[in-house]
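Visitor: fold the following for me, if possible:
(4 chains)
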Amino acid sequence: MIEYLFLPFIGMILGFILGRRISIRLNLWFYLPVGVIVGYLLGPLPYYNFPLSYSFFFTLIGLLLGNLTVREKGSP
Amino acid sequence: MKITITREIAVSLSFLLFGAGVFYSIYSIEVVEGVNALYTQVMIVPNFVTAVLFDWRGFDTLGECLILITSVLVTGMVFGKGLFNWDFLREVYREEDGKDVDLGFTPIIKVLAVPMAVLLMVLGVVVILGGHITPGGGFQGGALISAAYVLAMVAFGRGRCPVRFTHRFLESLESFGALLFLILGLIGMILSGYYLFNIREIYGIPLFPSPPGIGDVGIIPYLNIGVGLKVLAGLSTITTLLVSHRIVSKNIGRG
Amino acid sequence: MNLLPLIVVIPLLMAIVFSYIYRSKYIRLLTLLMALVLLVLPLLGLYGPYFFGGHGVVYIEGMPFVSGILYTLNPLKETLIFTLMLIGVLVLIISTREERLSGTFTALVLMGLASVSAVILTEDLFNLYVFYEIAAITQAGLVILAGREEAYRSAFRYLLVGTMAGSILLLGVGLLLSATGSLNIVDMGRYLALKPLTPTVYGALLMLIVGLAYGGGLPPFHTLKVDLYSRTKPFVAAILQTYSKFILIALMLVILKLFGGLPIFNTTRGVLIALSVFAMVFGTVMALLQDDYRRLLAYHTVSQGGYVALGLALGTPLGIVAGIFHGINHALYKSALFIGAHIVEKIKSPYMREVGGLLLAMPTVTFLILCAKLASIGIPPFNGFQSKLLLAEAVMSADMPELVILMLIVSIGTFLYMMKAFYLIFLKPCSEEQLREYREVRISKYHIFSLGLLVLLCIVLGLYPDMVLDRLLPLGEEIAIE
Amino acid sequence: MDLQLASFITAGALVVLGLYGFFFVDNVIKKIIALSIISSGVNLTLVAMGYREGGYVPIYIPTVEFQVFSKHMAYPLPQALVLTNIVIGASMLAVMLALSIVFYRKYRTLKTSVILKED
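Guide: Predicted structure coming up:
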């Protein structure tokens, strides 16, 4: 199991770092469906056999998490 | 006047000769198989270009990362970072041009820019991480993320840009990316005696757990991440420097 | 364990750290510490090949091919790297006396040291190209640091031409890759010797020569280099000229290794000798006309680059050894001269006619600079004499006596303008007022120490040239053409 | 016409065109574009060297046998070199553009004869 989840997990961390830097609040109910759709259209990475690109989805979740919890506010 | 004409003629002649030489030698290339064949016979990771880039010729990639770092440093210096003398820049950048003009675009573009930037960023991360299996890797993914940043900056103007990559953040990210690359190389050297050795596993634990049949992944994804962070930071810094006067004013000691 | 890559990796690592903390308060202290570390670096490697990433030699149809990137260390390369690091250390030490020193300067110097040592060490053409480009951009950056308009302009010109020359060099590397299928220099040379030559190989040779002329400051790119050296601060020019001299040596060795055994080498040799003779003559003639001390030294650098290239282009064992030895000597005494120019500029001005009578203000420095000047002209107890003698011998044994006469004339020219500069700056009488002005400027001990150390090395090498020559001779015979 | 030969001819034409622009155009930005074109020409030469008639993309996906795959794969080495060279070109470009911005602010023109005049 960890073989298949390690890459999305790293993606989540990177997404978290990036999401922290987006200063406006992202709408969860818009991005989750869009993430699923784009992930489906993107297709999985080869060797990671699953109908949709869950790496993409997990990274998006990481980004949203970072954005919604520890977002940086204020002017640059 | 006479000297200029002579020089023109000399330049034209050398251009003609040199151009003809270059064209003819490219035209008559015949590719020999040679050591090229070697790189196609062993599979390290499914993406053979990544294998060449990070395993066989990892040191070249390191050099190339460092050229980007040097370039960012020198671009910063052109705009006054740590110079010995600021007279020329003070003369060029007068007091009144200290402000940035942030117009931004119409609401249509602003509405679309944020979701596009978010999706581009996520796609960039996936491209970085999938560099050893699919076409892609650190450079491409990093360029995508910095493209997301540039998109947001173009749409909103630099002051109100929703993607807040501060200068300090980018500097840290860049140094971290390059140091990750260098230090992974050093770890390989400690474990095996070879710099940038592709460590498959430590005490039986694979360094990057991945599905079966994918070959010796080893440190390649981590190198990809390092390069990706560095390219993202480097390109973003360069863009920021090229569009902004504020940094120059700050560097040359005004405001 | 062979620690050879650390010669390149540690400066790179520290360069990144320095560029991150460039505004720190402790930058002077850290720079001094870094200078000490640099001195240890050349001792780390073991002689022999070093394969990156654990990829070794692979046999394809019975032919050995190197699959990855290969570094080799031998006494020749070790000597070059030691000289390079020594001058880097001295420049870093001097830089701590600059006001407004920031981490960017240290980072750039370290980056340059690392890239030039990589160019010297590597046996892989593409690796050489990558680090050659880093060296080019670093040199432009070091000039920009001076912050004046001329500095910006000469860096811009250098970069514009540099991008062109770099692309052309890469095209040459690509053509050689297509003709031989390998990127390793030794493999390529062996393959080229076996197979008939195609137009691609001729084109590649032409393009490598363009890259060499740009990187080493030979005509037609010498004016760019002159601008670089004369527009920046003179002590920075000391390290810049060392970089380009060593890149010149490394690329010449590459061309010898690749094309040395081929029938076209005779023509190539003619072209290279013509380039170097032109550099010698042109540098001397232009130096005679200069009024700016920095520009005079810059043109002198170009003419001495011609000597180095001439020796290497001969392709005989003695010629190669003499060329490399002259390169090392030149790096030493020219750095001393540039540091002297830095002191002169600090005290009064770089224009020779505005200065005068410095002898009374600082006799020690005057004496040291005189020694460096004598070394650069080639007067017996100094190293310049030994290497010029060796060069003349090599040229004689290659049956080109007319070149010896030319070298003599160039030497006389060098004597003329060096002595003119010495008279105008140090001996020309000056007013009491001016003397008082001179005495107010304090010259740091670091400057005098660096100058003294370099001059001492010049004398030691002049008295015992075998110290270096013994290390170079066996390799000269290995590379040389029959 | 053979695709590889056509690529080589295009690449040669690009390099020569870039050299022409570099030598004879009196505008800094256009000179920089010309340098970019030279660099593209070099990259195209390298990529075309890795071409194989009817070859596979050098990414192995276990639908074909590895032996067959490795025999018909495009050479990955030149592609890796190109990837490296693109970044090098981009870094040089950044510095040159920065310098031309500074000079444009000073002189309000992009003419090479003004910006790069001998002094």
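Visitor: what residues sit buried inside stretch C:297-307?
Guide: C:297-307 (16 or more other CB atoms under 10 Å in any protein chain shown). Heads up, the C-betas are built off the backbone N, CA and C, glycines and all.
Visitor: would you format those residues as JSON lines with distance to C:Leu84, secondary structure and pLDDT included?
Guide: Converted to JSON lines, those look like this (distance: CB to CB, whole Å; DSSP: H, G, I helix; E, B strand; the rest coil; pLDDT from 0 to 100):
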{"residue": "C:Leu297", "distance to C:Leu84": "19", "secondary structure": "helix", "pLDDT": "94"}
{"residue": "C:Ala298", "distance to C:Leu84": "20", "secondary structure": "helix", "pLDDT": "94"}
{"residue": "C:Tyr299", "distance to C:Leu84": "23", "secondary structure": "helix", "pLDDT": "94"}
{"residue": "C:His300", "distance to C:Leu84": "20", "secondary structure": "helix", "pLDDT": "94"}
{"residue": "C:Thr301", "distance to C:Leu84": "16", "secondary structure": "helix", "pLDDT": "93"}
{"residue": "C:Val302", "distance to C:Leu84": "20", "secondary structure": "helix", "pLDDT": "93"}
{"residue": "C:Ser303", "distance to C:Leu84": "21", "secondary structure": "helix", "pLDDT": "93"}
{"residue": "C:Gln304", "distance to C:Leu84": "17", "secondary structure": "helix", "pLDDT": "93"}
{"residue": "C:Gly305", "distance to C:Leu84": "16", "secondary structure": "helix", "pLDDT": "93"}
{"residue": "C:Gly306", "distance to C:Leu84": "21", "secondary structure": "helix", "pLDDT": "93"}
{"residue": "C:Tyr307", "distance to C:Leu84": "19", "secondary structure": "helix", "pLDDT": "93"}
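Visitor: and of those, the nearest to B:Thr166?
Guide: Taking CB to CB as the measure, B:Thr166 sits nearest to C:Ala298 out of the buried residues of stretch C:297-307, at 41.6 Å.
Visitor: send the alpha carbons of the helix or strand where C:Tyr132 lies over as CSV?
Guide: Using DSSP states H and E, C:Tyr132 sits within helix C:125-144. Output of helix C:125-144 as CSV, limited to C-alpha atoms (Å, rounded to 0.1, in the frame of the first residue of the first chain):
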residue,chain,number,x,y,z
LEU,C,125,33.2,17.5,-23.1
PHE,C,126,29.6,18.3,-22.1
ASN,C,127,30.5,18.7,-18.5
LEU,C,128,33.3,21.0,-19.6
TYR,C,129,30.7,23.1,-21.5
VAL,C,130,28.4,23.4,-18.6
PHE,C,131,31.1,24.7,-16.2
TYR,C,132,32.6,26.9,-19.0
GLU,C,133,29.2,28.7,-19.1
ILE,C,134,29.2,29.1,-15.4
ALA,C,135,32.6,30.6,-15.5
ALA,C,136,31.5,33.0,-18.3
ILE,C,137,28.5,34.2,-16.3
THR,C,138,30.5,34.4,-13.1
GLN,C,139,33.1,36.6,-14.8
ALA,C,140,30.4,38.9,-16.1
GLY,C,141,29.0,39.1,-12.6
LEU,C,142,32.3,39.9,-11.0
VAL,C,143,32.7,42.8,-13.4
ILE,C,144,29.2,44.1,-12.7
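Visitor: what about D:Val47, which SS state?
Guide: helix (DSSP: H, G, I helix; E, B strand; the rest coil).
Visitor: contact partners for it?
Guide: Residues near D:Val47 by CB atoms under 8 Å, 6 or more residues apart in numbering or on different chains: D:7, D:78-79, D:82.
Visitor: I'd like these laid out as JSON lines, including pLDDT.
Guide: Below are these laid out as JSON lines (pLDDT from 0 to 100):
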{"residue": "D:Ser7", "pLDDT": "93"}
{"residue": "D:Pro78", "pLDDT": "90"}
{"residue": "D:Gln79", "pLDDT": "90"}
{"residue": "D:Val82", "pLDDT": "93"}
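Visitor: which PyMOL command selects the buried ones in those residues?
Guide: Buried residues within these, by 16+ other CB under 10 Å, are selected in PyMOL with:
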select buried, chain D and resi 7+78+79+82
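Visitor: which residues of the stretch 101-250 of chain B lie near chain A?
Guide: When proximity is defined as CB under 8 Å from any CB of the partner chain, the stretch 101-250 of chain B approaches chain A at B:114-115, B:117-119, B:121-123, B:125-126, B:128-130, B:133-134, B:145, B:158-159, B:161-166, B:169, B:208-214, B:221, B:225.
Visitor: one step back: between the buried residues of stretch C:297-307, which is nearest chain D?
Guide: C:Ala298 (14.1 Å; CB to the nearest CB).
Visitor: pretty sure D:Gln79 is touching D:Pro58, no?
Guide: Yes. Judged on CB atoms under 8 Å, D:Gln79 makes contact with D:Pro58 at a distance of 7.2 Å.
Visitor: what sits in contact with each of those two?
Guide: B:Val49.
Visitor: give me every residue that touches residue 58.
Guide: I went with chain A, as the question did not name one. A:Phe58 touches A:8-9, A:11-12, A:15, counting by CB under 8 Å, 6+ apart.
Visitor: chain B, not that one
Guide: B:185, B:196, B:223, C:52-53.
Visitor: and those residues, which two are furthest apart?
Guide: B:Leu223 and C:Phe52 (13.3 Å).
Visitor: distance of D:Leu3 from D:Ile9?
Guide: Using CB to CB, to the nearest Å, D:Leu3 is found at 11 Å from D:Ile9.
Visitor: so those two - more neighbours on which side?
Guide: It is D:Ile9, of D:Leu3 and D:Ile9, that has more neighbours when counted by other CB atoms under 10 Å in any protein chain shown, with 15 against 10.
Visitor: secondary structure element holding the more buried one?
Guide: Counting by DSSP H and E, D:Ile9 is part of helix D:3-24.
Visitor: quick one: buried residues of that helix?
Guide: Neighbour count says helix D:3-24 has D:4, D:7-8, D:10-16, D:18-23 buried, by 16+ other CB under 10 Å.
Visitor: filter those residues by proximity to chain B?
Guide: Answer for the buried residues of helix D:3-24 near chain B (CB under 8 Å from any CB): D:4, D:8, D:11-13, D:15-16, D:19-20, D:23.
Visitor: hmm, the helix holding C:Tyr132 touching chain B?
Guide: Yes. Counting by CB under 8 Å from any CB, contacts between helix C:125-144 and chain B involve C:126-127, C:130-131, C:133-134, C:137-138, C:140-141, C:144.
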